[in-house]
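> I would like the atomic coordinates for the input below:
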Amino acid sequence: MDVAGTTALIAMLEDHRLVVANVGDSRGVMCDGKGNAIPLSFDHKPQQMRERKRIKEAGGFVTFNGVWRVAGILATSRALGDYPLKDKKLVIADPDILTFDLRDHKPLFMILASDGLWDTFSNEEAVNFIKERLNEPDYGAKSLTLQSYYKGSLDNITVIIINFKDNAYSSYSKEANNA
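Residues are numbered from 1 along each chain as shown. Have a look, this model is predicted:
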C-alpha cells in the first residue's frame with residue numbers, strides 16, 4: 001500500500017491571464033514591474049484557521065512537534081496521495097485557484113517552487129535574489145536552489161523561474177487580436 005503523497009502547483013497562461021492552482025505547500029510568487037513580490041498561491045498548512053477547522057470537523061486533530069502536523073503526521077493539510085489521512089477526510093486534494101490579469105502587474109518573472117525553498121526564503125527574499133540573477137543560465141533557479149540548500153533546507157528543493165522578458169505574455173495577445 002503506497003501511503004506517500006505530493007503537492008501540486010500549476011500555472012497556466014492564456015493571453016494576458018495567469019491562472020494558478022495549488023494543493024499543498026508548494027508556492028508561486030510573481031515579481032511585478034515595480035519589483036514587488038506578489039503571492040500567486042498560499043500554502044495549505046494545518047495551523048491555518050480554515051484548515052484546522054476543516055480537520056477538526058472531519059474528526060481529526062492538529063499537533064505541534066517542531067512543526068504543525070495533521071494527526072501528528074503530515075505537515076501540510078492538502079495533498080495528492082497520503083491515502084490513510086485522505087480516507088478519513090483529514091487531508092484533501094481540493095485546490096485553491098487564483099487568477100491574475102498580467103496587464104495589471106506587468107510581471108518581470110515568476111518563481112514556482114517546492115516547500116524546501118520556502119523553508120529558507122520568504123517571498124520577498126526569493127524575488128530579490130532572482131532580480132539580481134535573471135541573466136544567469138536558467139534565470140538563477142540553480143543559484144536559488146543551492147542557496148536554499150546552503151541555508152539548511154532539509155526538504156526537497158525544486159525551483160522553476162519563468163522570465164516574462166519583454167512582456168512575452170502580451171505579444172501573444174497582440175497577435176491574436178490582429179488575426
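> pretty sure residue 70 contacts residue 62?
Yes. Residue 70 is within contact range of residue 62, at 6.2 Å (criterion: CB atoms under 8 Å). Every residue, glycine included, has its C-beta placed from N, CA and C.
> of those two, which one has the most company?
Legend: neighbour count by other CB atoms under 10 Å for residue 70 and residue 62, higher for residue 70 (26 against 19).
> and that one, how far from residue 16?
Remark: distance between residue 70 and residue 16 (CB to CB, to the nearest Å) = 38 Å.
> do residue 41 as well
Going from residue 41 to residue 16 by CB to CB gives 19 Å.
> can you give me the neighbour number for residue 42?
Other residues within reach of residue 42, judged by other CB under 10 Å, total 13.
> what is the least confident helix or strand in the protein?
Least confident helix or strand of the chain, by mean pLDDT, DSSP states H and E, is helix 168-178 with a mean of 43.
> now do the helices in this structure.
49-57, 83-87, 102-105, 115-118, 123-131, 141-150, 168-178 (DSSP state H).
> residues contacting the residue most central in space within the chain?
For the chain, residue 27 is the residue whose C-alpha lies nearest the centre (CA atoms, centre = their mean; 1.1 Å). For residue 27, the contacting residues are 9, 39, 40, 41, 42, 43, 112, 113, 115, 118, 123, by CB atoms under 8 Å, 6 or more residues apart in numbering.
> then residue 91?
Counting by CB under 8 Å, 6+ apart, residue 91 makes contact with 5, 70, 74, 76, 77, 78, 79, 82, 85.
> try it again at 6 Å.
Contact analysis of residue 91 by CB atoms under 6 Å, 6 or more residues apart in numbering lists 70, 79, 82, 85.
> now it. Nearest residue, chain neighbours left out?
Excluding the flanking residues, the one nearest residue 91 by CB to CB, 6 or more residues apart in numbering is residue 85, at 4.1 Å.
> and that neighbour, how many residues sit next to it?
When neighbours are counted by other CB under 10 Å, residue 85 comes out with 22.
> how close does it sit to residue 45?
From residue 85 to residue 45 the distance is 14 Å (CB to CB).
> quick one, which of the helices of the chain is nearest to residue 94?
Among the helices of the chain, the nearest to residue 94 by CB to CB is helix 49-57 (9.7 Å).
> for that closest one, which outside residues touch it?
Outside of helix 49-57, the residues within contact range by CB under 6 Å, 6+ apart are 62, 70, 77, 90.
> and that helix, which residues are buried?
Buried residues in helix 49-57, counted by 16 or more other CB atoms under 10 Å: 51, 52, 54, 55.
> just give me the closest of the residues you listed to residue 159.
Taking CB to CB as the measure, residue 159 lies nearest residue 51 of the buried residues of helix 49-57, at 25.1 Å.
> so how far is residue 144 from the closest one?
Shown here: residue 51 relative to residue 144, a distance of 28 Å by CB to CB.
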